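1. Sequence isn't available, so here's the structure alone:
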């Protein structure tokens, strides 16, 4: 597949055929007016993309439209409207005749479009469903111009300037050997549009970017692409990096980091990542070299993220920081890149330490403090790291997909005591287990937790230790979470955290 930019001017003299496997024009008045709003309010200093136009060349200047006919037809209708409207009293002009549209099995629809003007459009509404939508689109333009505060002539002139100067299609031309019906089915199944990843992949694997047609390099990149996508599908790895954000495809995560330095494009335009890359690609003196360097950067970034996952010490600290906010990846890059392993690890510790209250004063932290969850999570992670045997991985995939409560170890307001919101009475527990036993006394909670743990359900190590009274120096009553137990729990927390963060910053 070949990708390029096509401005409206570039479509002059082209003929587009809409194949029989496509439905007719179906845009509604709402969609037409939304497009007009976009064009009218668009800043002319920036480009405006009309989404991908997928075509297959039939002969010189003649193309089958595989996908994108709805928007292409709307632009055609808008130009026909301008042809009728902008020249003194709605006189016809060929100034706005840029391209032709024909329909393989709906020849009459092509005729409707060619003859479309103010004298014919209202009659079309009664002909057939295609004619009705074409008529509706033309009428929607007229209605839009009649809004209060809109000067029709000025508005249409402004929109025309945007069309000519700023608007473009992503021109996506498929190879002669490719089956357009299969591509159409793929793109339109459930009306799923092309993704940034598909567009970038087409650019990376475009034959034009391989001098002397180096098929070996092209194949190796295609294989590498598939390997990266497969790895990102692994739940444990993916949830380590993300917090349930949604991406059209997971490899977009890498492209967003490379293009914008953050996990998400943060742009209303769904193709912002592709546009950013494509703009740099077009400015490159040697496009083949640009693609080679770009793909190398993708592989290096992926290797960097994979190394984070493999190194257990980094895994727990980076997983912790990303669980607080996936945008913390920017800070993680700053903390780890171009640094020796010890220096990077120390920098990650500094970042983690900044997220919790002063360790010496955690006695005063109460339920409701926004830092409690982070503190309890970090306590669990530090406990794992401090152990001599570090083979146990904290399951960030479970932590991030399940709902977690800050559990009151001793019920907050049972019949035996007043509510206690101090840190010594708090631990992390999955919501389903926590809410299953309600305000049960400590010994009943312990029984439930032992049972769910025995069944293989994940219980954080520190939560298990709490209910087994691992932290308690003396156990006078195994069935009650006493003031002494709370104090010992806090002391153990301080000890683990102090041990881990000792000498940080030195």
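-> Cool, the structure landed. If you're wondering where the values come from, they're calculated on a predicted model, not measured in any experiment.

2. ok, now how distant is residue 156 from residue 220?
-> Going from residue 156 to residue 220 by C-beta to C-beta, to the nearest Å gives 51 Å. Backbone N, C-alpha and C define where each C-beta goes, glycine included.

3. Could you do residue 270 as well?
-> For residue 270, the distance to residue 220 - C-beta to C-beta - is 29 Å.

4. Can you pick out the residue with more neighbours from these two?
-> Taking other C-beta atoms under 10 Å, residue 270 and residue 220 do not tie; residue 270 has more neighbours (15 against 12).

5. Give me the helices and strands touching the lengthiest helix in the chain, please.
-> Counting residues, the longest helix found in the chain (DSSP state H) is helix 287-310. Helices and strands touching helix 287-310, by 3 or more C-beta pairs under 8 Å, 6 or more residues apart in numbering; DSSP states H and E, are helix 196-204, helix 215-232, helix 235-241, helix 252-260, helix 272-283, helix 312-324.

6. of all the ones you listed, which lies closest to residue 145?
-> helix 272-283 (29.9 Å; C-beta to C-beta).

7. what bits of this protein have low per-residue confidence?
-> Residue ranges of the chain with pLDDT under 70: 1, 86-95, 186-193, 213-214, 266-268, 388-391, 412-418, 505-506.

8. Assign the residue nearest to the spatial centre of the chain to helix, strand or coil.
-> Nearest residue to the geometric centre of the chain (C-alpha atoms, centre = their mean): residue 247, 3.2 Å. Following DSSP: H, G, I helix; E, B strand; the rest coil, residue 247 is assigned to coil.

9. and what of residue 58?
-> The assignment at residue 58 comes out as strand when based on three-state DSSP.

10. nearest residue to it other than its sequence neighbours?
-> Of all residues not flanking residue 58 in the chain, residue 64 sits nearest, at 5.8 Å (C-beta to C-beta, 6 or more residues apart in numbering).

11. following the helix or strand where the one you found lies, which helix or strand shows up next?
-> Following DSSP states H and E, one finds residue 64 within strand 62-67. Using DSSP H and E, the helix or strand that follows strand 62-67 in sequence is helix 69-85.

12. For that following helix, name the packing helices and strands.
-> Counting contacts by 3+ C-beta pairs under 8 Å, 6+ apart, helix 69-85 is packed against strand 14-18, helix 29-41, strand 48-59, strand 99-103, helix 107-114, helix 129-145, helix 152-165.

13. and those as a markdown table, adding mean neighbour count?
-> As requested, the helices and strands packed on helix 69-85 are arranged in a markdown table below (neighbours: other C-beta atoms under 10 Å):
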| stretch | mean neighbour count |
| --- | --- |
| strand 14-18 | 19 |
| helix 29-41 | 16 |
| strand 48-59 | 18 |
| strand 99-103 | 19 |
| helix 107-114 | 17 |
| helix 129-145 | 20 |
| helix 152-165 | 16 |
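
14. buried set for the longest helix of the chain?
-> By neighbour count on 16 or more other C-beta atoms under 10 Å, the buried set for helix 287-310 is 287-288, 290-292, 294-295, 298-299, 301-302, 305, 308-309.

15. what's the answer for stretch 378-396, then?
-> So for stretch 378-396, counting by 16+ other C-beta under 10 Å, buried means 378-385, 394-396.

16. Surely residue 461 and residue 380 touch.
-> Yes: shown here, residue 461 and residue 380 form a contact pair, counting by C-beta atoms under 8 Å, at 5.8 Å.
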